[in-house]
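K.L.:
attaching a predicted model along with its sequence, questions to come.
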4 protein chains.
Amino acid sequence: MSQKLRVTVWNEFRHEQESERIRAVYPNGIHQVIGEGLGTEVEVSYATLDEHEHGLTEERLNSTDVLIWWGHKAHGDVQDEIVQRVHNRVLHGMGLIVLHSGHFSKIFKKLMGTSCDLKWREAGEKERLWVVSPGHPIVEGIGPYIELESEEMYGEHFDIPAPDEVVLVSWFEGGEVFRSGCTFHRGQGKIFYFRPGHESYPTYYNEQVRRVIANGVKWAAPTTRDYPQYGNSEPLEPIKAKE
Amino acid sequence: MSQKLRVTVWNEFRHEQESERIRAVYPNGIHQVIGEGLGTEVEVSYATLDEHEHGLTEERLNSTDVLIWWGHKAHGDVQDEIVQRVHNRVLHGMGLIVLHSGHFSKIFKKLMGTSCDLKWREAGEKERLWVVSPGHPIVEGIGPYIELESEEMYGEHFDIPAPDEVVLVSWFEGGEVFRSGCTFHRGQGKIFYFRPGHESYPTYYNEQVRRVIANGVKWAAPTTRDYPQYGNSEPLEPIKAKE
Amino acid sequence: MSQKLRVTVWNEFRHEQESERIRAVYPNGIHQVIGEGLGTEVEVSYATLDEHEHGLTEERLNSTDVLIWWGHKAHGDVQDEIVQRVHNRVLHGMGLIVLHSGHFSKIFKKLMGTSCDLKWREAGEKERLWVVSPGHPIVEGIGPYIELESEEMYGEHFDIPAPDEVVLVSWFEGGEVFRSGCTFHRGQGKIFYFRPGHESYPTYYNEQVRRVIANGVKWAAPTTRDYPQYGNSEPLEPIKAKE
Amino acid sequence: MSQKLRVTVWNEFRHEQESERIRAVYPNGIHQVIGEGLGTEVEVSYATLDEHEHGLTEERLNSTDVLIWWGHKAHGDVQDEIVQRVHNRVLHGMGLIVLHSGHFSKIFKKLMGTSCDLKWREAGEKERLWVVSPGHPIVEGIGPYIELESEEMYGEHFDIPAPDEVVLVSWFEGGEVFRSGCTFHRGQGKIFYFRPGHESYPTYYNEQVRRVIANGVKWAAPTTRDYPQYGNSEPLEPIKAKE
């Protein structure tokens, strides 16, 4: 039996099929390149939107330790029932890595409780992601910053709850900043939002970006605890009767 | 024109009408007693579940600075459309005070993104709420703790996101603890969850409980800023063309 | 008796006396311009390094609700005894606004417990401070960002504990970012660190900068609670004798 | 070369030598029992107050990944120079686990910046530590709570900065609550404060207490990053000359 972390990379996987320009960057889909970047320390499988149940059957989710989510232009096509299923798994401990435009996915908005809206611009501009939490395991092996020559800009205000930890903050050539690496706990699950990765740039081939995602997967791994018991509970200490 | 904060106290207001025992404690409804406790510094109005649109019309919400929510056994009867409306107002800056069993309301669960589940027990036991954030304006005028002779128990684990601030933590006679005073920011809105207030005990007549709620209302007051602009944005600095 | 908040603006006040270039910007000292910016809603007084006890006698501190701190090149000349006195007052509830180079003051380092070090550069570059916590009272009345044409750069990593709230994040022309508006609670006291204000630029004449500082003063105002009682305590409930 | 985490357990180690009652519980010192509880996955060594440089030479600290601290009645005998040395190592990435009465150690107070004061009572009362952050690796393998039949009470208010994460909250028989498992980041170092462990009770033989400390050690392990570069920095982007 494998002791490796079991990671499922989920991708919308439509833009790569519709557009030659995108396919040129990610010929087999963004998910394949994200998965390759995780290396051999983890066990990787893939799921995409147009598979049966979006590839996220009960069985698949129950054997997933950490789910990576990339989606962009078809968030609305994800069925609410599957979103509910993923949500439930996160509360029960499955890790979730939400990448780039996944900020607008149903699952991320459901977990955050806010609009998750932001400013954006496609101008192929420079992004520099600065480490602001230097002892965090998600930036293990990363220098003071990661520089990406061409990326889509995402700018503040980013309408999320105050993250449990802000690990990376981006500088953009056009004048904006963004909280680009953010962690959250929801139920027993850990969530890491990581900003970079527009489909028209080769961001997921970048070694430092790959390292952050791989670190994020380790950080988000489930712990082995029973799910908390909720509901009506017997007292643990005697209670005085009141008249 | 009134410069006072405009507070709307919302109550399910069914249990008081169905049960003589509850009506004996809150003859005109829990909302009336909560509202009276706010004093004359604020302008109080009321809304209840069985009114048209649950009393929460667009007009009413747009003229509400802070909404107080008490609900218990009919959360499911609140229409999703109204929940969406309240959610939108919170993101735009309206304050929200969620009391006691409101932890399971649709609006609170939607804003939190978690199950909001907890342990509970109706045994009329003693609760002592300890101040753990002594400089917070929500506990202005409050001593080291608030003691309530008889309350319903709520116990950890309370399935909420890590609060922005934990202000009060409860001790219960039967052996449990609970994060009883918690603040959250969502969008431009401030949210305060405050635990006490089971319908069968006279909790909302307690002066210290009233003081905490009144402080919470002031803390949750909206600021006067335009709602952030999201979406496609022009650069503020020149961007170098890449080849 | 005055009901206004009593603010003391503390300034090192040496550079303005030694350098004609600095004096040209702040003829009567930086403190005077900071104080003028607070308007008439609060009661302002001043204290400087070369006064007796640095102007921070027990009496003065005991009648100060919020202390504003600007220092730069003589942090080492502040006596440890006075630092201890200010520290004690903060824990007992006095608000503290630390400006710009005050990040390296003894009092800020003592309150933070870290080196408070950072990257810096004096190149008169553009700074843009983005609001990341739009509902916070400290940014009441402030637009999406504040732009300053010429400022000293401060860059990450800024070695502070994770702030309780990050309200503003700066973008710098030279490529860095910085957590520029940060709140902290220590004991009963509230602390606001606000980055801008190098002595050679007219930053404290800027209306938006003034508004943030004035908002910060209101936010940091003490609450009226007794200082917590610590030490050996009698039980509030009976304890079973163990054999 | 050992790949194991190198843990140094530091103990005041006086009370056990002075008092037969304490020695009966911890015959070779509390440190030995804490160290044994860590198992064989880590490499354990020991240091005590009355050794040369309190056993914390530069060499020893430089080869320590995680330092565990237990002190009680001789905090004042720890030399400031050694405290400074430990402080520096924490900022550079060494993990630190502070146990029980270590809340009043010089190193913890220096890192927190507050008084670290609290309420206390020695009455051999029951403590129940509730998990409030169920997905945290520090409570891996732990049930909903840990129960200790006899412990010293520590009660709120505990004068610490708001922890980065509150993992455990204690209920005490005598009526108080306490934030008993708290994490902090300072510089590149991670700090875990864990409440239980009064010298006259066999707390460090308890399997669940041992598990939490062992989990804490893993969580606090250093990451492998260079220490951030601070100080004067060249721009990464061209800066426009201002007239």
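P.N.:
Thanks, I have the structure now.
K.L.:
in a strand, residue A:170, correct?
P.N.:
Yes. Secondary structure of residue A:170 (DSSP: H, G, I helix; E, B strand; the rest coil): part of a strand.
K.L.:
how much space separates it from residue A:126?
P.N.:
Counting by C-beta to C-beta, to the nearest Å, the gap from residue A:170 to residue A:126 is 10 Å. Quick note: C-beta positions are derived from backbone N, CA and C, even for glycine.
K.L.:
these two: which has the busier surroundings?
P.N.:
More neighbours surround residue A:170 than the other of residue A:170 and residue A:126, with 27 against 20 (other C-beta atoms under 10 Å in any protein chain shown).
K.L.:
quick one: residue A:79 and residue A:54 touch, right?
P.N.:
Yes. Using C-beta atoms under 8 Å, residue A:79 makes contact with residue A:54 at a distance of 7.1 Å.
K.L.:
the more surrounded of the two?
P.N.:
residue A:54 (20 against 13).
K.L.:
immediately after the longest strand seen in chain A, which helix or strand?
P.N.:
Ranked by number of residues, the top strand in chain A under DSSP state E is strand A:119-131. Using DSSP states H and E, the helix or strand that follows strand A:119-131 towards the C-terminus is strand A:145-155.
K.L.:
list the contacts of residue A:95.
P.N.:
Counting by C-beta atoms under 8 Å, 6 or more residues apart in numbering or on different chains, residue A:95 touches A:65-67, A:189-192, A:217, A:219-222.
K.L.:
so for it, what's the pLDDT?
P.N.:
Note for residue A:95: predicted pLDDT of 98.
K.L.:
chain neighbours aside, what residue packs nearest to it?
P.N.:
Leaving aside its sequence neighbours, residue A:95 sits nearest to residue A:220 (C-beta to C-beta, 6 or more residues apart in numbering or on different chains; 2.7 Å).
K.L.:
equivalent analysis for residue A:239, please.
P.N.:
On the basis of C-beta to C-beta, 6+ apart, the spatially nearest residue to residue A:239 that is not a chain neighbour turns out to be residue B:125, at 4.6 Å.
K.L.:
wait, that neighbour sits on residue B:172?
P.N.:
Yes. Using C-beta under 8 Å, residue B:125 makes contact with residue B:172 at a distance of 5.9 Å.
K.L.:
overlap in contacts, those two.
P.N.:
residue B:153.
K.L.:
tell me where chain A has helices.
P.N.:
With DSSP state H, the ranges of helices along chain A come out as A:15-18, A:20-25, A:30-37, A:58-62, A:80-91, A:106-112, A:207-219.
K.L.:
right, so those helices: which one is the most enclosed?
P.N.:
Comparing these by mean neighbour count (mean count of other C-beta atoms under 10 Å in any protein chain shown), helix A:106-112 ranks first with a mean of 23.
K.L.:
got the contact list for that one?
P.N.:
A:69, A:75, A:78, A:80, A:83, A:86-87, A:90, A:96, A:98, A:102, A:115-116, A:160-161, A:184, A:186, A:191, A:193, B:113-114.
K.L.:
which of the residues you listed fall within strands?
P.N.:
A:69, A:96, A:98, A:184, A:186, A:191, A:193.
K.L.:
quick one: residue A:89 from residue A:62, how far?
P.N.:
Counting by C-beta to C-beta - residue A:89 and residue A:62 are separated by 7 Å.
K.L.:
hmm, I typed the wrong one, I wanted residue A:205.
P.N.:
Using C-beta to C-beta, we find residue A:205 at a distance of 32 Å from residue A:62.
K.L.:
repeat that for residue A:114.
P.N.:
29 Å.
K.L.:
do residue A:113 as well
P.N.:
From residue A:113 across to residue A:62, the span is 25 Å (C-beta to C-beta).
K.L.:
what residues does chain A put near chain D?
P.N.:
A:93, A:128, A:131, A:133-137, A:139-144, A:164-165, A:173, A:185, A:187-190, A:222-226, A:228-229, A:236-237 (C-beta under 8 Å from any C-beta of the partner chain).
K.L.:
just the buried residues of these.
P.N.:
Among the residues of chain A next to chain D, the ones that count as buried by 16 or more other C-beta atoms under 10 Å in any protein chain shown are A:93, A:128, A:131, A:133-137, A:139-140, A:142, A:144, A:164-165, A:173, A:185, A:187-190, A:222-223, A:225, A:228, A:237.
K.L.:
wait, what's in contact with the closest residue in space to residue A:138 that isn't next to it in sequence?
P.N.:
Nearest non-adjacent residue to residue A:138, counting by C-beta to C-beta, 6+ apart: residue A:215, 4.7 Å away. Contacts of residue A:215 were listed using C-beta under 8 Å, 6+ apart, and they are A:137-141.
K.L.:
per-residue pLDDT, residue A:215?
P.N.:
We have a pLDDT of 98 for residue A:215.
K.L.:
quick check: residues of chain A near chain C?
P.N.:
Residues of chain A that fall close to chain C, judged by C-beta under 8 Å from any C-beta: A:128, A:130-134, A:144, A:155-158, A:162, A:165-166, A:169-172, A:175-177, A:179.
K.L.:
any stretches of chain A with poor pLDDT?
P.N.:
Scanning chain A for pLDDT under 70 picks out A:1-2, A:243.
K.L.:
re the thing from before, neighbour count: residue B:125 and residue B:172, which is higher?
P.N.:
More crowded of residue B:125 and residue B:172, by other C-beta under 10 Å: residue B:172, with 26 against 23.
K.L.:
what separates the more buried one from residue B:124, distance-wise?
P.N.:
For residue B:172, the distance to residue B:124 (C-beta to C-beta) stands at 11 Å.
K.L.:
again with residue A:182
P.N.:
In this view, residue A:182 and residue B:124 are 43 Å apart by C-beta to C-beta.
K.L.:
tell me which of those two has more neighbours.
P.N.:
A side-by-side neighbour count of residue A:182 and residue B:124, using other C-beta under 10 Å, places residue A:182 first with 24 against 18.
K.L.:
that one reaches residue A:170, doesn't it?
P.N.:
No. Counting by C-beta under 8 Å, residue A:182 does not reach residue A:170; the two are 11.3 Å apart.
K.L.:
is there a quick ChimeraX command that grabs whichever of the ones in strands among the contacts of helix A:106-112 are buried?
P.N.:
Restricted to buried positions by 16+ other C-beta under 10 Å, the ChimeraX selection for those reads:
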select /A:69,96,98,184,186,191,193
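K.L.:
which of the ones in strands among the contacts of helix A:106-112 sits closest to residue B:9?
P.N.:
Taking C-beta to C-beta as the measure, residue B:9 lies nearest residue A:186 of the ones in strands among the contacts of helix A:106-112, at 29.8 Å.
K.L.:
now for that closest one: which residues touch it?
P.N.:
Contacts for residue A:186 (C-beta under 8 Å, 6+ apart) come out as A:90-91, A:111, B:113-114, B:161.
K.L.:
need the residues you listed in CSV (columns: distance to residue B:27).
P.N.:
Below are those laid out as CSV (distance: C-beta to C-beta, whole Å):
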residue, distance to residue B:27
A:90, 44
A:91, 40
A:111, 42
B:113, 37
B:114, 36
B:161, 37
